[in-house]
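Asker: Quick one: sequence and predicted model below, then my questions.
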Amino acid sequence: MMRLAPFTYLAPRSLAEAADLLAEHGAAAMVVAGGTDLFPNMKRRQQEPRVVIGLRAVPELRSIRVGEDGTMRVGAMTTLRETATDPLLRERYGSLATAASLVSTPHLRHMGTIGGNICLDTRCTYYDQTYHWRKSIDFCMKKDGDICWVAPGSSRCWAVSSSDSAPVTVALGARLRLVSAAGERLVDAADLFRDDGIDYLTRRPDEILTEVVLPAVQLSGTAPLRNTYWKLRRRGSFDFPILSVAVALRSDDGVVRDVRIVLGAVGSSPVVATAAAARLEGQRPEPELIEEVAGLAWRGARPLDNTDLNYAWRKRMARVYVRRALRDAVGLPPSEPAVDRSVA
């Protein structure tokens with residue numbers, strides 16, 4: 001049985017108190033939301049804070065509301081189940097609700113939070129093992145070692161971003177509110193993630209993710225936002241993604257005016273398919289063009305042998321899932337027999 005190492009647990013009652021505690025304890029402290037990622041990591045000695053600051057008792061972090069400007073604001077402590085089942089989120093931001101509904105199991109969705117899933121630690125076949133397993137082959141550079149077992153000649157860690165909600169927030173153009181004792185800042189979701197398996201977030205150690213700000217679905221004078229999320233995993237019941245695709249677009253008179261295509265689980269951060277999106281903008285989304293765009297996105301997918309199933313096959317599936325996601329977003333029927341979007 002894996003056991004937690006001793007630590008001090010603090011339970012602030014307000015966001016200001018939580019930020020002050022995090023600043024006071026510095027590098028020795030980490031915040032915990034639902035604990036579905038941090039506590040297993042602590043048991044495996046992947047993360048070893050001496051102080052854990054719980055956010056469950058901070059009421060202002062758990063809400064879903066519509067702002068005066070039409071944006072929708074989701075508190076970081078909103079559970080994944082609440083995110084998946086909220087009627088307005090399902091109507092306006094179906095991709096985020098879908099992503100939340102596909103995380104792990106019902107039990108963990110009751111505990112896990114949207115903020116925790118966005119900040120999910122990067123994963124790797126060699127890293128996500130017990131302490132003694134990792135010690136037996138020699139530790140990797142992500143924790144305690146100096147080698148990347150995925151690419152032994154590499155000078156960097158290739159652990160993969162396996163968050164379901166991260167590519168969706170990037171595709172939607174969401175903004176994230178980060179708060180510290182020194183103040184707060186609002187950053188684009190795309191700017192939160194760094195293509196580095198170890199230093200994978202630009203969030204500072206003293207900052208707390210407090211809120212996800214989603215753009216207005218219907219902006220004045222613009223077409224409505226259509227969005228979707230597709231996930232590939234070995235088992236449709238609870239696995240992490242081995243490939244995911246988030247698409248958000250606006251169209252006017254059948255012409256795509258703005259589109260974002262983001263791939264997850266193929267790199268250390270969500271991968272924005274810029275060239276593929278550029279090819280579709282200003283065009284009518286005909287099936288032949290969608291196939292071409294899917295091919296462009298496929299070229300940018302570079303999965304490695306650091307997660308489940310064969311990486312070459314996962315790359316091939318990038319074309320298939322981008323095609324399915326785009327057809328879904330523009331209202332076209334599947335070009336092949338319908339399948340469960342959780343599996344190949």
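Answerer: Perfect, I can see it now.
Asker: Leaving out sequence neighbours, find the closest residue to A23.
Answerer: A181 (3.9 Å; Cβ to Cβ, 6 or more residues apart in numbering). Any C-beta I mention is one placed from the backbone N, CA and C, and that applies to glycine too.
Asker: make that R90, sorry
Answerer: The nearest residue in space to R90 (Cβ to Cβ, 6+ apart) is A97, at 4.5 Å.
Asker: Model confidence score at the residue nearest to A23, please.
Answerer: A181 carries a pLDDT value of 98.
Asker: what's the helix or strand for the residue nearest to R62 when sequence neighbours are not counted?
Answerer: Leaving aside its sequence neighbours, R62 sits nearest to M77 (Cβ to Cβ, 6+ apart; 4.2 Å). Following DSSP states H and E, one finds M77 outside all helices and strands.
Asker: how many other residues sit next to M77?
Answerer: 24 (other Cβ atoms under 10 Å).
Asker: contacting residues for it?
Answerer: 33, 55-56, 58, 61-62, 113, 115 (Cβ atoms under 8 Å, 6 or more residues apart in numbering).
Asker: quick one: it from A277, how far?
Answerer: 32 Å (Cβ to Cβ, to the nearest Å).
Asker: which among the contacts of M77 end up buried?
Answerer: Buried residues within the contacts of M77, counting neighbours by 16 or more other Cβ atoms under 10 Å: 33, 55-56, 58, 61-62, 113, 115.
Asker: mind putting those residues in JSON lines, secondary structure included?
Answerer: As requested, those are exported to JSON lines (DSSP: H, G, I helix; E, B strand; the rest coil):
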{"residue": "A33", "secondary structure": "coil"}
{"residue": "L55", "secondary structure": "coil"}
{"residue": "R56", "secondary structure": "coil"}
{"residue": "V58", "secondary structure": "coil"}
{"residue": "L61", "secondary structure": "helix"}
{"residue": "R62", "secondary structure": "coil"}
{"residue": "T113", "secondary structure": "strand"}
{"residue": "G115", "secondary structure": "helix"}
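Asker: With respect to S14, which of these is nearest?
Answerer: V58 (6.2 Å; Cβ to Cβ).
Asker: got the contact list for the closest one?
Answerer: Neighbours of V58 in contact, by Cβ under 8 Å, 6+ apart: 12-15, 18, 77.
Asker: Among these, which lie within helices?
Answerer: Taking DSSP state H as the definition of helices, the contacts of V58 contribute 15, 18.
Asker: show me where the stretch 151-300 of the chain has helices.
Answerer: 165-172, 274-280, 287-299 (DSSP state H, counting those that start in this stretch).
Asker: can you list the domain ranges for this structure.
Answerer: 1-58, 59-119+160-214, 225-330 (automatic domain parsing).
Asker: between these, which gets nearest to S136?
Answerer: Here domain 1-58 is closest among those (Cβ to Cβ), at 13.6 Å.
Asker: Tell me the one among the buried ones among the contacts of M77 nearest to D308.
Answerer: T113 (24.4 Å).
Asker: Please list all residues in contact with that closest one.
Answerer: 33-34, 76-80.
Asker: and the residues you listed as CSV, adding pLDDT and distance to L326?
Answerer: Converted to CSV, the contacts of T113 look like this (pLDDT from 0 to 100; distance: Cβ to Cβ, whole Å):
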residue, pLDDT, distance to L326
A33, 97, 33
G34, 96, 32
A76, 98, 30
M77, 98, 33
T78, 98, 29
T79, 98, 30
L80, 98, 26
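Asker: Show me which of those residues is closest to I198.
Answerer: Using Cβ to Cβ, the contacts of T113 come closest to I198 at A33, 21.0 Å.
Asker: The closest one against A76, yeah?
Answerer: Yes. A33 lies in contact with A76 (Cβ atoms under 8 Å); the separation is 6.8 Å.
Asker: For those two, list the residues in contact with both.
Answerer: Common neighbours of A33 and A76 (Cβ under 8 Å, 6+ apart) are 55, 113, 115-116.
Asker: and which of these is nearest to V255?
Answerer: Among the shared contacts of A33 and A76, and counting by Cβ to Cβ, the member closest to V255 is G115, at 36.1 Å.
Asker: nearest residue to the closest one other than its sequence neighbours?
Answerer: A76 (2.7 Å).
Asker: And D191, by the same measure?
Answerer: T202 (6.3 Å).
Asker: where does the stretch 51-200 of the chain dip in pLDDT?
Answerer: Counting by pLDDT under 70, not a single residue of the stretch 51-200 of the chain qualifies.
Asker: can you rerun that using 90?
Answerer: Counting by pLDDT under 90, the stretch 51-200 of the chain contains low-confidence ranges at 67-70.
Asker: Tell me where it has strands.
Answerer: 51-54, 64-66, 72-75, 175-180, 183-188 (DSSP state E, counting those that start in this stretch).
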